[in-house]
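Peer 1: Mind looking at a prediction? Sequence and model below.
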Amino acid sequence: MVLAIVFTAIWGGFEGSAAMGGVTVGLPLGAVVGFAIGGWLVLHFWKLQPAPPKAAP
């Protein structure tokens, strides 16, 4: 929001609108991509440890 106000004050209404549009699109898109990459990394590299052998009675 501050970025939009600063851009509007310096370069005019179009730049402020462009800044808000970029934030509006970029934040949710970044969140979705981040969760997707994070989930892939966890599923790809996280391996369960095999159960230790049980002692004979």
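Peer 2: Structure received. Numbering: from 1, shown residues only.
Peer 1: what residue ranges in the protein are flagged as low confidence?
Peer 2: Filtered on pLDDT under 70, the chain yields the residue ranges 1, 3, 57.
Peer 1: the helices in it, which residues?
Peer 2: With DSSP state H, the ranges of helices along the chain come out as 2-11, 13-45.
Peer 1: and the last one, which residues are buried?
Peer 2: It stands for helix 13-45. For helix 13-45, the buried set under the neighbour-count rule, 16 or more other Cβ atoms under 10 Å, comprises E15, G16, A19, M20. The C-beta positions use only the backbone N, C-alpha and C, and glycine is treated the same way.
Peer 1: re earlier: quick one: which of the helices of the chain is nearest A56?
Peer 2: Minimum separation from A56 across these (Cβ to Cβ) falls at helix 13-45, 34.5 Å.
Peer 1: helices or strands next to the closest one in the packing?
Peer 2: Secondary-structure packing of helix 13-45 (3 or more Cβ pairs under 8 Å, 6 or more residues apart in numbering; DSSP states H and E): helix 2-11.
Peer 1: any residues touching the helix it packs on, and which ones?
Peer 2: The contact list for helix 2-11, computed with Cβ atoms under 8 Å, 6 or more residues apart in numbering, reads E15, G16, S17, A18, A19, M20, V23.
Peer 1: Could you check the angle that helix makes with helix 13-45?
Peer 2: 150 degrees (axes from the mean of the first three to the mean of the last three Cα atoms, to 10 degrees).
Peer 1: CA atoms only for helix 2-11, dumped as CSV, please.
Peer 2: As requested, the backbone C-alpha atoms of helix 2-11 are provided in CSV (Å, rounded to 0.1, in the frame of the first residue of the first chain):
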residue,chain,number,x,y,z
VAL,A,2,2.8,2.4,0.9
LEU,A,3,4.5,1.6,-2.4
ALA,A,4,1.3,2.5,-4.3
ILE,A,5,1.1,5.9,-2.5
VAL,A,6,4.8,6.6,-3.2
PHE,A,7,4.5,5.7,-6.8
THR,A,8,1.4,7.7,-7.2
ALA,A,9,3.0,10.8,-5.6
ILE,A,10,6.1,10.5,-7.8
TRP,A,11,4.9,9.3,-11.2
